[in-house]
Each structure stands twice: as structure tokens, then as C-alpha cells.
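S.K.: fold the following.
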Amino acid sequence: MKNEIMKALGGMLNNPGDIFEARVTKSGNKVAKFSSGDGLFKASKTVYSNGTVHETRTYKV
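M.R.: Numbering: from 1, shown residues only. Model prediction:
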């Protein structure tokens with residue numbers, strides 16, 4: 001399983017400082033966040049326990 005996870009993240013985690021976080025909250029929400037090390041891109045996705053999905057992406061140009 002570890003190799004599958006690293007393979008999936010390989011396309012995102014390429015540069016020093018890149019950060020990926022994932023967690024499940026006490027209320028059952030699934031949260032994933034990514035931030036590029038150079039600060040040019042951030043993304044997050046939350047899947048709420050009722051099925052609602054909220055995604056955000058921020059780019060600096």
C-alpha cells in the first residue's frame with residue numbers, strides 16, 4: 001500500500017517544500033490539502049459526511 005500512495009503522490013510532490021496533508025475529522029469529513037513549495041499553487045478538497053464536496057484551487061501568477 002505504501003508504494004501505491006507514493007506512486008499517486010509522485011506527480012504532485014516533486015520539489016522541496018511541497019506539502020500534502022490528508023485527515024478525517026471527528027465528524028467524518030475527509031480533508032486533503034496540497035501546497036507547492038514555491039507558494040504558487042494551493043488546493044484543498046473536503047468531502048463532508050453528507051456527500052457534499054467542496055474544492056478550492058488558488059494560483060499566483
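S.K.: residue 21: what's it in contact with?
M.R.: 31, 32, 33, 34 (C-beta atoms under 8 Å, 6 or more residues apart in numbering). C-beta: built from backbone N, CA, C; applies to glycine.
S.K.: relative to residue 45, how far out is the last one?
M.R.: Right, residue 34. 9 Å (C-beta to C-beta, to the nearest Å).
S.K.: who has more neighbours out of those two?
M.R.: Using other C-beta atoms under 10 Å as the criterion, residue 34 and residue 45 rank with residue 34 on top: 18 against 15.
S.K.: my guess is that one contacts residue 12. True?
M.R.: Yes: assessed by C-beta atoms under 8 Å, residue 34 is found in contact with residue 12 at 5.9 Å.
S.K.: just give the nearest non-adjacent residue to residue 54, would you?
M.R.: Beyond its immediate neighbours in the sequence, the residue positioned closest to residue 54 (C-beta to C-beta, 6 or more residues apart in numbering) is residue 46, lying 4.8 Å away.
S.K.: hey, what's the one you found bridged with?
M.R.: residue 31, residue 54 (DSSP bridges).
S.K.: same question for residue 24.
M.R.: Under the criterion used (DSSP bridges), residue 24 bridges to residue 30.
S.K.: surely it meets residue 32?
M.R.: No: assessed by C-beta under 8 Å, residue 24 is found out of contact with residue 32, at 10.3 Å.
S.K.: in the chain, which spans are strands?
M.R.: Using DSSP state E, the strands found in the chain span residues 19-24, 30-35, 41-47, 53-59.
S.K.: got these as CSV, with distance to residue 4 and mean pLDDT columns?
M.R.: Compiled in CSV, the strands of the chain are given as follows (distance: least, C-beta to C-beta, whole Å; pLDDT from 0 to 100):
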stretch, distance to residue 4, mean pLDDT
strand 19-24, 14, 93
strand 30-35, 16, 94
strand 41-47, 19, 94
strand 53-59, 23, 95
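S.K.: what about the residue nearest to residue 39 when sequence neighbours are not counted, how many neighbours?
M.R.: Nearest non-adjacent residue to residue 39, counting by C-beta to C-beta, 6+ apart: residue 60, 6.6 Å away. Residue 60 has 9 neighbouring residues, counting by other C-beta under 10 Å.
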